[in-house]
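kindly return the folded structure for what I paste below:
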Amino acid sequence: MTGARLGIVTSILAAALWLPAAAAPAQTAAADRAAGLGGAAEGQATVLADEPTPSPTVAPALTLTARPATITAGDPVDLVAALGIPGATVRLSRKTAAHADFVVVGLRTTDGKGVARFRVLPRQTTAYRVEYEGDGLTWLPASAETLVPVRPRLTFSAPTRVYRDRAARLAVTVRPAHPGATVVVQRQVDGAWRDWRSVTLGADSRARVARRIGPVGAVKLRVVMAADAGHLAGRSGVRRVQVVKPNPYRVPLGAKGIIVVDISEYTLRFYSYGRLLKAFPCVTGRPGLPTPIGRFKIYARGMWPGGPYGSRIMSYHPPCAIHGTNEPHLLRRFPRNFSHGCTRLYNSHAIWLYDHAPLGTPVWNVP
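Model (predicted):
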């Protein structure tokens, strides 16, 4: 009986030791199922949960530079977007005073140095923005802006010479168009610019005025325009006007060459741009064959081997001409009305005049 009891006790103890060990794997499997991992048969891959994707953390140092920084309307501007990331796409937008928000201009891909370039032609002050959307892995989105101030383009014209008692014709054009705007003509006095005349632009953004400038001497003029919402203040180039004393014949200042024969003085004068270059004694028509009065033009010219026409001849009113002579002694007399209506000169003077008076040169015969 004693041996039988000992065997029963031993069996009970062995079962008690086996039960906790067998329960441990089952508990572990249950825990795995609760965690979503599940069991896997031998020879099969274990499925793991997806790891979270890392977010971009680096902000690129994007800059936008305008060259030149300030321009006149119509001039080009080079915009340089420096991102530092080769092969990236950047977007350029613009905004003016007339826009509530930025408007896309275009896209560029950065070069090997991470730089993109844009050329633009702003006609008014414009803000530009360049944007990079990031790559979703390393680089964060970035943007940069720059402002390009624009001056209006003022074109101003004035004569280089004007008679003291004549009005100078001035003209100004403003671009972009500013119909109805006011511009101011300034003149330089003692080295300082002073307002002289205000002018209102027409519907075509142009203005033309005629004004007497002042006493004899050199005058410097320019046109200025005040700033507005879309532009900086603008100014034109400087124009230098020479005010001169009028000559008695009112020869136009714009003419390269004009011949004036003063019959009462027996003198031929040659003017260029209102200035007297030469004055020569001359012989004119005799009584009954007078030199014609009026305004003519040289229509024929020729070199002459001598004789009554001297060295050169310039015809202006058939049969009258200006020419040399084979009777130079007559040019030393006064009065000198000996010709058949032509105007005679010393041969050397006829040669000079021939060299300066091409076909079409005006001839004014005055009493």
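
domains in this structure, by residue range?
Using automatic domain parsing, the domains assigned to the chain come out as 63-149, 153-244, 258-366.

for residue 251, find the nearest of those domains.
In terms of C-beta to C-beta, the element of the domains of the chain nearest to residue 251 is domain 258-366, at 4.4 Å. C-betas here are computed from N, CA, C, even on glycine.

okay, how far is it across the closest one, tip to tip?
End-to-end span of domain 258-366 (C-alpha to C-alpha, to the nearest Å): 13 Å.

looking at the domains of the chain, which is closest to residue 252?
domain 258-366 (7.2 Å).

and the closest one, how far out from the chain's middle?
Remark: domain 258-366 is offset 49 Å from the chain centroid, using C-alpha atoms, centre = their mean, to the nearest Å.

low-confidence ranges, the protein, go.
Along the chain, the model assigns pLDDT under 70 to residues 1-53.

figure out how far stretch 137-151 is from the centre of its chain.
26 Å.

what's the end-to-end length of that stretch?
First-to-last residue span, stretch 137-151, C-alpha to C-alpha: 44 Å.

pull out the buried residues from it.
Across stretch 137-151, burial judged by 16 or more other C-beta atoms under 10 Å covers 139, 142, 144, 146, 148, 150, 151.

likewise for stretch 179-194?
181, 183, 184, 185, 186, 187, 188, 193.

can you redo the domains of the chain as JSON lines with distance to residue 55?
Output for those, formatted as JSON lines (distance: least, C-beta to C-beta, whole Å):
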{"stretch": "domain 63-149", "distance to residue 55": "9"}
{"stretch": "domain 153-244", "distance to residue 55": "43"}
{"stretch": "domain 258-366", "distance to residue 55": "78"}
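
number of nearby residues for residue 222?
Around residue 222 there are 20 other residues, counting by other C-beta atoms under 10 Å.

and the strand or helix carrying it, how far from the chain's centre?
Per DSSP states H and E: residue 222 is located in strand 217-225. Computed by C-alpha atoms, centre = their mean, the chain-centroid distance of strand 217-225 equals 21 Å.

list the contacts of it.
152, 154, 156, 158, 170, 172, 174, 178, 181-188, 193, 196, 199, 213, 233-243 (C-beta atoms under 8 Å, 6 or more residues apart in numbering).

give the buried residues for it.
Quick answer for strand 217-225 (16+ other C-beta under 10 Å): 219, 221, 222, 223, 224, 225.
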